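**Student:** Sharing a model prediction with you, sequence too.
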Amino acid sequence: MLARIPSAVLQGVIGQAVDVEVHVSKGIPSFTIVGLPDASCRESRDRVRAALLSSKLPWPDKRVTVNLAPGGLRKEGAGLDLAIAVALLVVQDELTESAVDGCAFVAELGLDGSLRRVPGTLSLVEAVACDRVVVAADAYAEARLDADQEALCAPTLGELVRYLRGEADWVTPALPPPRELPAPAEDLRDVRGQPLGRRALEIAAAGGHHLLMVGPPGAGKTMLARRLPGLLPPLDRDAARIVTRIYSAGDFGVPTGELITAPPFRAPHHGATMAALVGGGSRALRPGEISAAHGGVLFLDELGEFSPGVLDALRQPLEEGVIRVSRAVGSVSFPAEFVLVGSMNPCPCGNAGGPGQCRCSDAARMRYARRLSGPLLDRFDMRLFVPRPTAEELFRGEPGQPTAAVRERVLAARRRAGRRGVRCNSLLGSAALEAEAPLAAEAARMAERAVASGQLSARGLQRVRCVGLTICDLDGRAPPLRGPDLALALQLRNNPVWLDRSYAGSHVA
């Protein structure tokens, strides 16, 4: 006898539909799984057998062949357990074909017959072409986020069989109450001094520009960076679905009944490996930290302590907004569109920038500077030296504007970018920038001098114009870009204190 049950497996963050075909025939009792299963798929034989027997359901004492179609697709994970168990029950006439018609099954089985959630439930539910999808009870809230299919759940295999036979009604678990976006716990009002740093943060939030802050310890770099997510608008529905899929597939935090709409903020440790940062793995290809930051902020504190090879792996996703991971087992693409914020000390001792304070030799400073390659530095639209605030600023300085007031300007600037057909100005191409960000005569002369002197590369000029356009949007003005707009953009890209003190003799523009 033959039974065919729909299910799905995870490929990166995207679900791939799979048909579980089970054939039972006479012969020496055996159980064989074909169709490129990995070790976790092959081990489903023992999980399914124990779950059936624990649920007082029969196990076929015959020759059993399980085919996972399509045969050319590598199958990973334990999410096919439930589909295999249901197919075995159908071929043994414990369930009728009509009882499972139009149903897909996605769950792992425990040895006691319990149904367990598998990573990437939302993507798996979206992949199957069935009207109803059965998942574990703790995955029900996530599965129902897909409005195109009806999500069903059961606590155990035995209860599921009763539901399918019509002996009991389906039970819907209680859903958690909807959450509101929490107010940012860290407010810009708390930042004393740092007027240029606050301005750079506002520009980064409004235009989606990457920001590098260099300064001595205690200057407030981390304090500024952690206040950036509070300035960003909530994710739209499409972006929220992508972020929710990423978090589910990578187990960064299981969604509880609703899409993730708050912009993510990820701050990995400087000891993170390349696979942890960009994604991948030796077998199951899973998203990394840069994908978990999609739609939000990736903050790399102590940037100079990261491995140079790991940092250079960011160059391609910063340019394209996607990371492509290739391994012997296959290739996947992960979304990776984020605002990169880096912070680092100007030298190993951290005190460069003040006369007579730095204890490092010129050679030590140069070695430290070379940890960041020129092409990576070129991807930062703004490179800012952050000095320590003065005693006057700390004790008697006036508090700055709160996050709520700055956020209003950021949202207004984002709406102006939306009328140009992009979510933020950093996504504008060169042709669009020519049309949307013309230069006034004074600004054009200033840009020409910067390029002629080697201060700016061709890419640097494009990014400076993009930052200048964001400055116009924040000020509520229409282009062309004036001289002060371009002057501020140039100042934020090429800070003289930092370049003179720590990167002397190196061309980074």
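**Tutor:** It's in. Numbers count the residues shown, from 1 in each chain.

**Student:** Pull stretch 253-262 out as PDB, backbone CA atoms only.
**Tutor:** Provided in PDB are the C-alpha atoms of stretch 253-262 (Å, rounded to 0.1, in the frame of the first residue of the first chain):
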ATOM      1  CA  GLY A 253      13.600  34.200  19.500                       C
ATOM      2  CA  VAL A 254      10.300  32.400  18.700                       C
ATOM      3  CA  PRO A 255       7.500  34.800  17.700                       C
ATOM      4  CA  THR A 256       4.500  34.600  20.000                       C
ATOM      5  CA  GLY A 257       1.400  35.100  18.000                       C
ATOM      6  CA  GLU A 258       2.300  38.200  15.900                       C
ATOM      7  CA  LEU A 259       4.900  39.500  13.500                       C
ATOM      8  CA  ILE A 260       8.000  41.200  14.700                       C
ATOM      9  CA  THR A 261       7.500  44.900  13.900                       C
ATOM     10  CA  ALA A 262      10.100  46.500  16.100                       C
END
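
**Student:** I'd like the next helix or strand past the longest strand belonging to the chain.
**Tutor:** Counting by DSSP state E, the longest strand found in the chain is strand 14-25. Where DSSP states H and E defines the elements, the next helix or strand beyond strand 14-25 is strand 30-34.

**Student:** Counting neighbours, what do you get for residue 418?
**Tutor:** Counted with other CB atoms under 10 Å, residues neighbouring residue 418 total 11. For glycine as for every other residue, the C-beta is placed from the backbone atoms N, C-alpha and C.

**Student:** re the thing from before, relative to the longest strand of the chain, what are the paired strands and their orientations?
**Tutor:** Counting by DSSP bridges, the strands paired with strand 14-25 are strand 2-11 (antiparallel), strand 63-69 (antiparallel).

**Student:** Which residues are in contact with residue 29?
**Tutor:** 60, 61, 62, 63 (CB atoms under 8 Å, 6 or more residues apart in numbering).

**Student:** separation between residue 208 and residue 470?
**Tutor:** Separation of residue 208 from residue 470 (CB to CB, to the nearest Å) stands at 9 Å.

**Student:** more crowded one of those two?
**Tutor:** Taking neighbours as other CB under 10 Å, residue 208 and residue 470 compare with residue 470 leading, 30 against 22.

**Student:** Quickly list the domain ranges of this protein.
**Tutor:** What automatic domain parsing lists as the domains of the chain is 2-165, 188-415.

**Student:** nearest to residue 457, of those?
**Tutor:** Closest approach to residue 457 among these (CB to CB): domain 188-415, 6.5 Å.

**Student:** Figure out how far that closest one is from the centre of its chain.
**Tutor:** From the chain centre to the centre of domain 188-415 is a distance of 13 Å (CA atoms, centre = their mean, to the nearest Å).

**Student:** Can you give me the first-to-last residue distance of that domain?
**Tutor:** 22 Å (CA to CA, to the nearest Å).

**Student:** Stretch 24-35 now?
**Tutor:** This stretch, stretch 24-35, spans 17 Å end to end (CA to CA).

**Student:** what do you get for stretch 139-152?
**Tutor:** Chord length of stretch 139-152, first to last residue, is 10 Å (CA to CA).

**Student:** Show me what the mean pLDDT comes to for it.
**Tutor:** Mean pLDDT, stretch 139-152: 87.

**Student:** neighbouring contacts of that stretch?
**Tutor:** So stretch 139-152 is contacted by 103, 106-107, 117-118, 121-122, 125-126, 128, 130-135, 153, 163, 170, 172-173, 175-176, 241, 244, 248, 254-259 (CB under 8 Å, 6+ apart).

**Student:** coming back round to it: what's the model's confidence in the longest strand of the chain, averaged?
**Tutor:** Rounded mean pLDDT across strand 14-25 is 94.

**Student:** Give me the buried stretch members for that strand, please.
**Tutor:** 14, 15, 16, 17, 18, 19, 20, 21, 22, 23, 24 (16 or more other CB atoms under 10 Å).

**Student:** Next: stretch 211-218.
**Tutor:** Quick answer for stretch 211-218 (16+ other CB under 10 Å): 211, 212, 213, 214, 215, 216.

**Student:** Can you tell me which of those is closest to residue 481?
**Tutor:** residue 211 (19.8 Å).

**Student:** Quick check: bridge partners of that closest one?
**Tutor:** In beta-bridge terms (that is, DSSP bridges), residue 211 pairs with residue 341, residue 382.

**Student:** Residue 367 and residue 313, how far apart?
**Tutor:** From residue 367 across to residue 313, the span is 21 Å (CB to CB).

**Student:** more neighbours, these two?
**Tutor:** More crowded of residue 367 and residue 313, by other CB under 10 Å: residue 313, with 18 against 13.

**Student:** What residues does the more buried one make contact with?
**Tutor:** Per CB under 8 Å, 6+ apart, neighbours of residue 313: 274, 277, 278.

**Student:** Please spell out the ChimeraX selection for the buried subset of the residues you listed.
**Tutor:** Filtering those down to the buried ones (16+ other CB under 10 Å) takes a single ChimeraX command:
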select :277,278
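
**Student:** Just the contacts of residue 313: which are in helices?
**Tutor:** 274, 277, 278 (DSSP state H).

**Student:** Relative to residue 312, how far out is the first one?
**Tutor:** This means residue 274. Taken as CB to CB, the span from residue 274 to residue 312 is 10 Å.

**Student:** same question, the last one
**Tutor:** When CB to CB is the yardstick, residue 278 and residue 312 sit 11 Å from each other.

**Student:** before we move on, what about the second one?
**Tutor:** Per CB to CB, residue 277 is found 11 Å from residue 312.

**Student:** cool, residue 357 as well?
**Tutor:** From residue 357 to residue 312 the distance is 31 Å (CB to CB).

**Student:** so where does residue 209 fall, helix or strand?
**Tutor:** For residue 209, there is no helix or strand it lies in under DSSP H and E.

**Student:** Can you give me every residue that contacts it?
**Tutor:** Counted by CB under 8 Å, 6+ apart, residue 209 has contacts 203, 339, 381, 382, 425, 426, 463, 466, 467, 470.

**Student:** The residues you listed in helices, which ones?
**Tutor:** Those of the contacts of residue 209 lying in helices (DSSP H): 203, 463, 466, 467, 470.

**Student:** was I right about the third one contacting residue 381?
**Tutor:** Same thing as residue 466. Yes: applying CB atoms under 8 Å, one finds residue 466 in contact with residue 381, separated by 6.8 Å.

**Student:** of the two, who's got more company?
**Tutor:** Taking other CB under 10 Å, residue 466 and residue 381 do not tie; residue 381 has more neighbours (28 against 24).

**Student:** where does the chain dip in pLDDT?
**Tutor:** Scanning the chain for pLDDT under 70 picks out 177-185, 254-256, 282-283, 328-329, 352-356, 495-509.

**Student:** what residues are up against the closest residue to residue 127 other than its chain neighbours?
**Tutor:** Closest residue to residue 127 apart from its sequence neighbours, by CB to CB, 6 or more residues apart in numbering: residue 15 at 2.9 Å. Contact analysis of residue 15 by CB under 8 Å, 6+ apart lists 8, 9, 120, 123, 124, 125, 126, 127, 128.

**Student:** Please apply the same query to residue 310.
**Tutor:** Shown in contact with residue 310 (CB under 8 Å, 6+ apart): 272, 273, 274, 277.
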